[in-house]
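> Compute the structure for the input listed below.
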Amino acid sequence: MTYQQPRLDHESESYKTAAQAEKELLAVYGLTEKEHWFTEQKENLRIRVSEIGEGAPVLVVPGNTGDMFPFTPLLAQMKDHKFFLFNRPGGGLSDGMNHEKVAIRPFIINLFDQLLAELHLEKVTIMAHSMGCHWSLWYAMARPERVEKLVLIGNPGRVMLGKTPLPLKMMVKPVIGEHAVKKMVPKDYDHALNGLKMMGTNEDVLTNMPNEFRECYYRFQNLPNYQESTLSLLRAFNANDQNEIKAAELSALNFPVEMIWGAKDTFATVEKGQEIAAAFPNCQFKLIEDAGHMSWIDQPEICARLISQFIN
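Next comes the predicted model:
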């Protein structure tokens, strides 16, 4: 019997409340969205792409499971660009995803091919964060002719990592992983942003974020497929080191790259970021002081200026 990836019920109360929370957050930042939907053919996954803004197109590949809403503070500072935000399977109102049920690397490359075809993009600048960087790098290595420029924000997934860190090793173990991911899901609004604190985000900044931002984190991380999507993603990439991207692979990418790195990123040191940047033939490394893994939340104006200067 063919395996069916977990579907997200569009008529469910959890879907509707998450969608409404995101709509209200966009309104706070003066942003409007046009939705694009397509079906990934092999796994029969419904994929959502959020189009925001006008101007030259930029494809955004979010981190974690693929929610697009955390980028709203940054996009509000960059209204002279058209962003296509790829709600990766497992997040952002796309269908859920058990990443262990596919051959992950060819799946990602084929998915990107279909995504660009659906959006009629022959060649595009990509802006990615965290695990989204890893996905984007795999695609860039397979299809370098399709990438104009690449912006990598935060520690870019499993890139030049070496040995798997102990916390990630523990996450892929049965029972322990399930318990850890369950603990990550906020049980109330007061704990909705705890994950951001763990990533090095300034607590004063989080205190001053609009309530709609907290609402989105609570609603999206309580969607029914969030835990399975998160845990299977971690396991697929960290069960062994075969998915690690090596320096030699980065050295073959000749298009311009910009790395935006928060000085307080808890996933890797500044020195590791500089080491990764040095592996590219043509890379600018920009350190953002007093910022964590999602540096644009701490410093939206600075990040927007640096990214705009680079992609323009």
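
> Run through the protein and note the low-pLDDT ranges.
1, 163-172, 174-183 (pLDDT under 70).

> Which residue ranges of it form strands?
Secondary structure of the chain, counting by DSSP state E: strands at 34-40, 45-52, 56-61, 81-87, 124-129, 147-153, 257-262, 283-288.

> Now tell me what touches stretch 124-131 from outside.
Here stretch 124-131 makes contact (CB atoms under 8 Å, 6 or more residues apart in numbering) with 56-64, 71, 83, 116, 135-136, 139-140, 146-157, 233, 237, 267, 293-294, 307, 311. Just so you know, the C-beta spots here come from the backbone N, C-alpha and C atoms, and that holds for glycine as well.

> Determine how far the last residue of stretch 192-204 lies from the first.
End-to-end distance of stretch 192-204 (CA to CA, to the nearest Å): 15 Å.

> Please compute how far it lies from its chain's middle.
Using CA atoms, centre = their mean, to the nearest Å, the mean C-alpha position of stretch 192-204 is found 16 Å from that of the whole chain.

> What of stretch 145-164?
11 Å.

> Flag every buried residue along it.
Neighbour counts over stretch 145-164 (16 or more other CB atoms under 10 Å) mark 146-161, 164 as buried.

> Dump it to CSV, keeping only the CA atoms.
Once non-C-alpha atoms are left out, stretch 145-164 reads as follows in CSV (Å, rounded to 0.1, in the frame of the first residue of the first chain):
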residue,chain,number,x,y,z
GLU,A,145,22.4,27.7,-13.4
ARG,A,146,19.1,28.4,-11.7
VAL,A,147,20.5,30.5,-8.8
GLU,A,148,21.3,34.2,-9.3
LYS,A,149,22.5,35.0,-5.7
LEU,A,150,22.1,33.3,-2.4
VAL,A,151,21.5,34.8,1.0
LEU,A,152,22.0,32.5,4.0
ILE,A,153,20.7,33.6,7.4
GLY,A,154,21.8,31.8,10.6
ASN,A,155,23.7,28.6,11.0
PRO,A,156,22.8,26.8,7.7
GLY,A,157,21.6,23.4,8.7
ARG,A,158,24.1,20.5,8.6
VAL,A,159,26.9,22.3,6.8
MET,A,160,30.6,21.6,7.7
LEU,A,161,29.3,20.4,11.1
GLY,A,162,31.7,17.5,11.6
LYS,A,163,30.4,15.1,14.3
THR,A,164,26.7,15.3,15.2
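
> picking up where we left off before, output the strands of the chain in a markdown table; the columns should cover distance to residue 101.
Output for these, formatted as a markdown table (distance: least, CB to CB, whole Å):
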| stretch | distance to residue 101 |
| --- | --- |
| strand 34-40 | 13 |
| strand 45-52 | 11 |
| strand 56-61 | 21 |
| strand 81-87 | 19 |
| strand 124-129 | 23 |
| strand 147-153 | 27 |
| strand 257-262 | 32 |
| strand 283-288 | 34 |
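
> For residue 197, find the nearest of the ones you listed.
strand 257-262 (13.3 Å; CB to CB).

> Which positions within the closest one qualify as buried?
Neighbour-count burial for strand 257-262 [16+ other CB under 10 Å]: 257, 258, 259, 260, 261, 262.

> Which residues are in contact with the first one?
If I follow you right, that is residue 257. 149, 150, 151, 152, 277, 280, 282, 283, 284.

> re earlier: just so I know, which of the strands of the chain lies nearest residue 107?
From the strands of the chain, taking CB to CB, the stretch that ends up closest is strand 34-40, at 8.6 Å.

> The closest one pairs with which strands?
strand 45-52 (antiparallel) (DSSP bridges).

> so the strand it pairs with versus strand 81-87, what angle?
With axes from the mean of the first three to the mean of the last three CA atoms, to 10 degrees as the basis, strand 45-52 and strand 81-87 are set at 160 degrees to each other.

> Other residues contacting strand 45-52?
Residues contacting strand 45-52 (CB under 8 Å, 6+ apart): 5, 7-8, 26, 31-40, 68, 75, 82-87, 89, 92-95, 97, 111, 115, 118-119.

> mind listing the helices for the stretch 101-250 of the chain?
104-118, 131-142, 166-171, 176-184, 194-198, 203-207, 211-221, 226-238, 247-250 (DSSP state H, counting those that start in this stretch).

> Good, we can wrap up now.
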